[in-house]
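1. sequence? don't have it. structure:
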(Lines give C-alpha, C1' and ligand atoms only; values in the text may rest on other atoms or scores of the structure.)
Protein backbone atom coordinates (compact mmCIF):
# COMPACT_ATOMS: atom_id res chain seq x y z
CA UNK A 1 0.00 0.00 0.00
CA UNK A 2 2.77 2.45 0.91
CA UNK A 3 4.65 1.49 -2.25
CA UNK A 4 1.53 2.20 -4.30
CA UNK A 5 1.25 5.68 -2.73
CA UNK A 6 4.91 6.39 -3.48
CA UNK A 7 4.60 5.21 -7.09
CA UNK A 8 1.33 7.04 -7.73
CA UNK A 9 2.61 10.40 -6.49
CA UNK A 10 6.02 10.10 -8.18
CA UNK A 11 4.41 8.94 -11.42
CA UNK A 12 1.84 11.75 -11.37
CA UNK A 13 4.52 14.43 -10.98
CA UNK A 14 6.82 12.86 -13.59
CA UNK A 15 4.01 12.38 -16.12
CA UNK A 16 3.20 16.10 -16.18
CA UNK A 17 6.65 16.92 -17.54
CA UNK A 18 9.12 14.13 -18.17
CA UNK A 19 12.56 15.35 -17.18
CA UNK A 20 15.28 14.46 -14.71
CA UNK A 21 14.24 17.38 -12.51
CA UNK A 22 10.59 16.26 -12.28
CA UNK A 23 11.71 12.66 -11.72
CA UNK A 24 13.70 13.82 -8.68
CA UNK A 25 10.88 16.09 -7.45
CA UNK A 26 8.35 13.32 -7.98
CA UNK A 27 10.45 10.84 -6.04
CA UNK A 28 10.87 13.28 -3.14
CA UNK A 29 7.15 14.09 -3.14
CA UNK A 30 6.32 10.38 -3.27
CA UNK A 31 8.58 9.66 -0.30
CA UNK A 32 7.06 12.52 1.70
CA UNK A 33 3.44 11.55 1.01
CA UNK A 34 4.25 7.90 1.71
CA UNK A 35 5.75 8.88 5.07
CA UNK A 36 2.64 10.87 6.05
CA UNK A 37 0.32 8.11 4.82
CA UNK A 38 2.24 5.53 6.87
CA UNK A 39 0.79 7.00 10.08
CA UNK A 40 -2.95 6.34 9.40
CA UNK A 41 -2.23 3.08 7.53
CA UNK A 42 -0.25 1.70 10.47
CA UNK A 43 -2.67 3.09 13.05
CA UNK A 44 -5.88 1.80 11.44
CA UNK A 45 -4.67 -1.27 9.50
CA UNK A 46 -1.22 -2.69 10.28
CA UNK A 47 -1.10 -2.60 14.06
CA UNK A 48 -4.76 -3.63 14.57
CA UNK A 49 -3.93 -6.59 12.30
CA UNK A 50 -0.98 -7.49 14.55
CA UNK A 51 -3.28 -7.42 17.56
CA UNK A 52 -6.08 -9.34 15.84
CA UNK A 53 -4.21 -12.01 13.90
CA UNK A 54 -0.91 -12.38 15.75
CA UNK A 55 -2.40 -11.85 19.22
CA UNK A 56 0.25 -9.28 20.03
CA UNK A 57 -1.00 -6.97 22.80
CA UNK A 58 -0.86 -3.28 21.98
CA UNK A 59 0.93 -2.75 25.29
CA UNK A 60 3.74 -5.00 24.09
CA UNK A 61 4.05 -2.99 20.89
CA UNK A 62 4.16 0.28 22.83
CA UNK A 63 6.69 -1.25 25.20
CA UNK A 64 9.15 -1.82 22.32
CA UNK A 65 8.91 1.86 21.40
CA UNK A 66 9.18 2.96 25.03
CA UNK A 67 12.39 0.96 25.42
CA UNK A 68 13.88 3.57 23.07
CA UNK A 69 11.85 6.61 24.13
CA UNK A 70 10.01 6.26 27.48
CA UNK A 71 7.82 9.30 26.80
CA UNK A 72 6.24 7.59 23.76
CA UNK A 73 3.04 6.70 25.62
CA UNK A 74 0.55 6.39 22.74
CA UNK A 75 0.54 4.57 19.43
CA UNK A 76 -0.04 7.71 17.37
CA UNK A 77 2.94 9.40 19.05
CA UNK A 78 5.13 6.37 18.34
CA UNK A 79 4.11 6.34 14.70
CA UNK A 80 4.83 10.04 14.23
CA UNK A 81 8.16 9.96 16.07
CA UNK A 82 9.53 6.66 14.73
CA UNK A 83 7.62 5.25 11.77
CA UNK A 84 7.08 8.42 9.78
CA UNK A 85 10.78 9.47 9.67
CA UNK A 86 11.81 5.85 9.01
CA UNK A 87 9.36 5.62 6.09
CA UNK A 88 10.59 8.95 4.71
CA UNK A 89 14.23 7.80 4.79
CA UNK A 90 13.25 4.46 3.24
CA UNK A 91 11.39 6.27 0.44
CA UNK A 92 14.32 8.59 -0.24
CA UNK A 93 16.72 5.63 -0.38
CA UNK A 94 14.40 3.90 -2.85
CA UNK A 95 14.33 7.08 -4.92
CA UNK A 96 18.13 7.36 -4.97
CA UNK A 97 18.50 3.73 -6.06
CA UNK A 98 15.89 4.17 -8.79
CA UNK A 99 17.54 7.33 -10.11
CA UNK A 100 20.94 5.61 -10.15
CA UNK A 101 19.82 2.58 -12.17
CA UNK A 102 16.98 4.03 -14.27
CA UNK A 103 19.08 5.72 -16.94
CA UNK A 104 21.35 2.74 -17.67
CA UNK A 105 18.43 0.32 -17.71
CA UNK A 106 15.79 2.42 -19.48
CA UNK A 107 16.92 1.51 -23.04
CA UNK A 108 16.27 -2.14 -22.18
CA UNK A 109 12.64 -1.44 -21.29
CA UNK A 110 11.66 -2.49 -24.83
CA UNK A 111 11.28 -6.08 -23.62
CA UNK A 112 8.28 -5.06 -21.50
CA UNK A 113 4.79 -5.61 -22.94
CA UNK A 114 3.77 -2.50 -24.86
CA UNK A 115 0.16 -3.43 -25.58
CA UNK A 116 -2.23 -2.76 -22.67
CA UNK A 117 -3.98 -6.13 -23.00
CA UNK A 118 -0.64 -7.95 -23.19
CA UNK A 119 0.60 -6.06 -20.13
CA UNK A 120 -2.56 -7.02 -18.22
CA UNK A 121 -2.09 -10.69 -19.12
CA UNK A 122 1.54 -10.46 -17.99
CA UNK A 123 0.44 -9.19 -14.57
CA UNK A 124 -2.49 -11.61 -14.25
CA UNK A 125 -0.26 -14.61 -14.88
CA UNK A 126 2.03 -13.64 -12.01
CA UNK A 127 -0.93 -12.83 -9.79
CA UNK A 128 -2.25 -16.33 -10.48
CA UNK A 129 1.13 -17.77 -9.46
CA UNK A 130 1.05 -15.75 -6.24
CA UNK A 131 -2.41 -17.03 -5.34
CA UNK A 132 -1.37 -20.63 -5.98
CA UNK A 133 1.49 -20.00 -3.55
CA UNK A 134 -0.92 -18.57 -0.97
CA UNK A 135 -3.10 -21.65 -1.40
CA UNK A 136 -0.22 -24.08 -0.86
CA UNK A 137 -0.46 -25.50 -4.37
CA UNK A 138 3.23 -24.84 -5.02
CA UNK A 139 6.27 -25.91 -2.99
CA UNK A 140 7.10 -22.55 -1.40
CA UNK A 141 10.62 -23.53 -0.29
CA UNK A 142 11.53 -24.66 -3.81
CA UNK A 143 9.97 -21.54 -5.30
CA UNK A 144 11.92 -19.21 -3.00
CA UNK A 145 15.17 -21.10 -3.59
CA UNK A 146 14.84 -20.91 -7.37
CA UNK A 147 13.70 -17.28 -7.28
CA UNK A 148 16.72 -16.29 -5.16
CA UNK A 149 19.01 -18.11 -7.58
CA UNK A 150 17.53 -16.28 -10.55
CA UNK A 151 17.91 -12.93 -8.79
CA UNK A 152 21.59 -13.57 -8.11
CA UNK A 153 22.12 -14.66 -11.70
CA UNK A 154 20.30 -11.62 -13.13
CA UNK A 155 22.22 -9.19 -10.93
CA UNK A 156 25.57 -10.75 -11.85
CA UNK A 157 24.70 -10.59 -15.56
CA UNK A 158 23.64 -6.93 -15.31
CA UNK A 159 26.82 -5.96 -13.46
CA UNK A 160 28.92 -7.75 -16.07
CA UNK A 161 27.31 -5.89 -18.99
CA UNK A 162 29.71 -3.39 -20.54
CA UNK A 163 27.32 -1.09 -22.41
CA UNK A 164 23.70 -0.39 -23.28
CA UNK A 165 23.51 -3.08 -25.92
CA UNK A 166 24.85 -5.56 -23.38
CA UNK A 167 22.16 -4.49 -20.90
CA UNK A 168 19.49 -4.92 -23.56
CA UNK A 169 20.65 -8.47 -24.19
CA UNK A 170 20.76 -9.21 -20.46
CA UNK A 171 17.28 -7.76 -19.97
CA UNK A 172 15.79 -9.84 -22.79
CA UNK A 173 17.44 -13.00 -21.45
CA UNK A 174 16.25 -12.29 -17.89
CA UNK A 175 12.66 -11.78 -19.00
CA UNK A 176 12.75 -15.01 -20.99
CA UNK A 177 14.12 -16.97 -18.02
CA UNK A 178 11.62 -15.41 -15.64
CA UNK A 179 8.77 -16.32 -18.01
CA UNK A 180 9.97 -19.93 -18.12
CA UNK A 181 10.23 -19.89 -14.31
CA UNK A 182 6.61 -18.70 -13.95
CA UNK A 183 5.34 -21.21 -16.52
CA UNK A 184 7.09 -24.10 -14.77
CA UNK A 185 5.50 -23.36 -11.41
CA UNK A 186 2.06 -22.76 -12.92
CA UNK A 187 2.41 -26.16 -14.59
CA UNK A 188 3.26 -27.63 -11.18
CA UNK A 189 0.08 -26.08 -9.75
CA UNK A 190 -1.88 -27.59 -12.63
CA UNK A 191 -5.63 -27.50 -12.19
CA UNK A 192 -5.50 -27.34 -8.39
CA UNK A 193 -8.16 -25.21 -6.76
CA UNK A 194 -7.14 -21.83 -5.42
CA UNK A 195 -8.25 -21.61 -1.80
CA UNK A 196 -6.53 -18.84 0.16
CA UNK A 197 -6.66 -19.72 3.89
CA UNK A 198 -7.91 -17.35 6.53
CA UNK A 199 -10.95 -16.32 8.51
CA UNK A 200 -14.43 -16.46 6.97
CA UNK A 201 -14.47 -12.88 5.70
CA UNK A 202 -11.10 -13.21 4.00
CA UNK A 203 -12.05 -16.57 2.48
CA UNK A 204 -15.15 -15.00 0.93
CA UNK A 205 -13.12 -11.99 -0.23
CA UNK A 206 -10.47 -14.13 -1.92
CA UNK A 207 -13.06 -16.46 -3.46
CA UNK A 208 -14.65 -13.44 -5.15
CA UNK A 209 -11.25 -12.12 -6.27
CA UNK A 210 -10.26 -15.53 -7.63
CA UNK A 211 -13.46 -15.72 -9.66
CA UNK A 212 -12.70 -12.29 -11.11
CA UNK A 213 -9.16 -13.38 -11.94
CA UNK A 214 -10.47 -16.51 -13.64
CA UNK A 215 -12.78 -14.46 -15.84
CA UNK A 216 -10.08 -11.97 -16.77
CA UNK A 217 -7.41 -14.57 -17.41
CA UNK A 218 -9.85 -17.06 -18.99
CA UNK A 219 -8.71 -19.91 -16.72
CA UNK A 220 -10.80 -22.39 -14.76
CA UNK A 221 -10.12 -22.07 -11.03
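-> Yep, it's here. All of these numbers come straight from a predicted model, not from anything done at the bench.
2. show me the contacts for residue 136.
-> With contacts defined as Cβ atoms under 8 Å, 6 or more residues apart in numbering, the neighbours of residue 136 are residue 197. Using the backbone N, CA and C atoms, a C-beta is placed for each residue, glycine as well.
3. sec struct for it, please.
-> What DSSP: H, G, I helix; E, B strand; the rest coil gives for residue 136 is coil.
4. could you do residue 198 as well?
-> coil.
5. tell me how many other residues crowd it.
-> Per other Cβ atoms under 10 Å, the neighbour tally for residue 198 reads 13.
6. ok, residue 7 next?
-> Neighbour number of residue 7 under other Cβ under 10 Å is 14.
7. any idea how far residue 153 is from it?
-> 26 Å (Cβ to Cβ, to the nearest Å).
8. okay, residue 218: pLDDT?
-> Note for residue 218: predicted pLDDT of 65.
9. can you check residue 39 too?
-> Here the pLDDT value assigned to residue 39 is 95.
10. name the next helix or strand following the one helix or strand it maps to along the chain.
-> According to DSSP states H and E, residue 39 maps onto helix 20-41. Heading C-terminal from helix 20-41, the first helix or strand you meet, by DSSP H and E, is helix 47-53.
11. what's the first helix or strand past that following helix going along the chain in contact with?
-> Following helix 47-53 in sequence order, the next helix or strand is helix 58-66 (DSSP H and E). Contacts with helix 58-66, where a contact means Cβ under 8 Å, 6+ apart, come from 47, 50, 51, 72, 73, 74, 75, 78, 81, 82.
12. okay but the first one is in contact with residue 76, surely?
-> In other words, residue 47. No - using Cβ atoms under 8 Å, residue 47 is not in contact with residue 76; the gap is 10.4 Å.
13. neighbour count winner among the two?
-> residue 47 (19 against 12).
14. OK, contacts around that one?
-> Residue 47 makes contact with 58, 61, 75 under the criterion Cβ under 8 Å, 6+ apart.
15. the top helix by length along the chain packs against which elements?
-> The helix that spans the most residues within the chain, counting by DSSP state H, is helix 164-189. In terms of contacts (3 or more Cβ pairs under 8 Å, 6 or more residues apart in numbering; DSSP states H and E), helix 164-189 is packed against helix 84-105, helix 116-134, helix 140-160.
16. for residue 43, find the nearest of the ones you listed.
-> Nearest to residue 43, of all the helices and strands packed on helix 164-189, is helix 84-105, at 11.0 Å by Cβ to Cβ.
17. could you check the closest one and say which residues are buried?
-> 84, 87, 88, 90, 91, 92, 94, 95, 105 (16 or more other Cβ atoms under 10 Å).
18. taking the mean pLDDT, what do you get for it?
-> Per-residue pLDDT values across helix 84-105 average out to 85.
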